[in-house]
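Novice: Sequence plus the predicted model coming up.
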Amino acid sequence: MAIILAVVMVITPIVPTSDIDLFERIIEAEADPRWGFDGYIMLAQTVANQLESGLYGNSYKEVLTRPNNYTVYQTGRYKTVEVSEKARLAVLITTMGVRTLNYGQLYFCTLSHLKRNPNGLHGRSEKVYEYRNVAFFK
């Protein structure tokens, strides 16, 4: 176990604990608790893609708190959630640099939102994947 932890510490970029907590809470608030782990990881990978693109901020915190980026941040809903193991693991894997279930997605919305707003940003974007009730775009 100590060897694995040492390897993780060496290859994991240093992300402040406060950013990790915020990241986990936002993923939990955005996810549907009935989802499997795949949905959580796809949300976390979206955040990582936004960071890596350089268009949404230079840190996880900047990406997650960017105005109009995550509604659950703007409304404060992320503060009220109990973070699940699925969210914790998705954030851990993502902040370690692992890219899985990654289709280059930069944002997402529910399918019901997409149906109500077919000519909005999401309706004009390239859909790369659907997971249950959510569409992912780039």
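Specialist: Yep, it's here. Numbering: from 1, shown residues only.
Novice: Does Tyr129 lie in a helix or a strand, and which?
Specialist: strand 127-131 (DSSP states H and E).
Novice: Now the terminal residues of stretch 118-131, how far apart.
Specialist: Distance between the boundary residues of stretch 118-131 (Cα to Cα, to the nearest Å) amounts to 18 Å.
Novice: That one: how far from the chain's middle?
Specialist: 17 Å (Cα atoms, centre = their mean, to the nearest Å).
Novice: mean confidence for it?
Specialist: Here stretch 118-131 scores 92 as its mean pLDDT.
Novice: Over to stretch 87-105?
Specialist: 95.
Novice: Start and end of it, how far apart?
Specialist: For stretch 87-105, the end-to-end distance is 18 Å (Cα to Cα).
Novice: May I see the buried residues of that stretch?
Specialist: For stretch 87-105, a neighbour-count test (16 or more other Cβ atoms under 10 Å) marks 87-88, 90-95, 101-105 as buried. (Glycine included, C-beta is placed from N, CA and C.)
Novice: out of the residues you listed, who's nearest Gly123?
Specialist: Compare each of the buried residues of stretch 87-105 with Gly123 using Cβ to Cβ and the shortest gap goes to Gln105, at 15.7 Å.
Novice: is it true that Ala29 lies in a strand?
Specialist: No - looking at Ala29 with DSSP: H, G, I helix; E, B strand; the rest coil, it is helix, so not inside a strand.
Novice: Tell me who's in contact with the spatially most central residue of the chain.
Specialist: With distances taken as Cα atoms, centre = their mean, the residue of the chain nearest its centroid is Ala44 (2.8 Å). Taking Cβ atoms under 8 Å, 6 or more residues apart in numbering, we find Ala44 in contact with Phe23, Ile27, Ala90, Val91, Ile93, Thr94.
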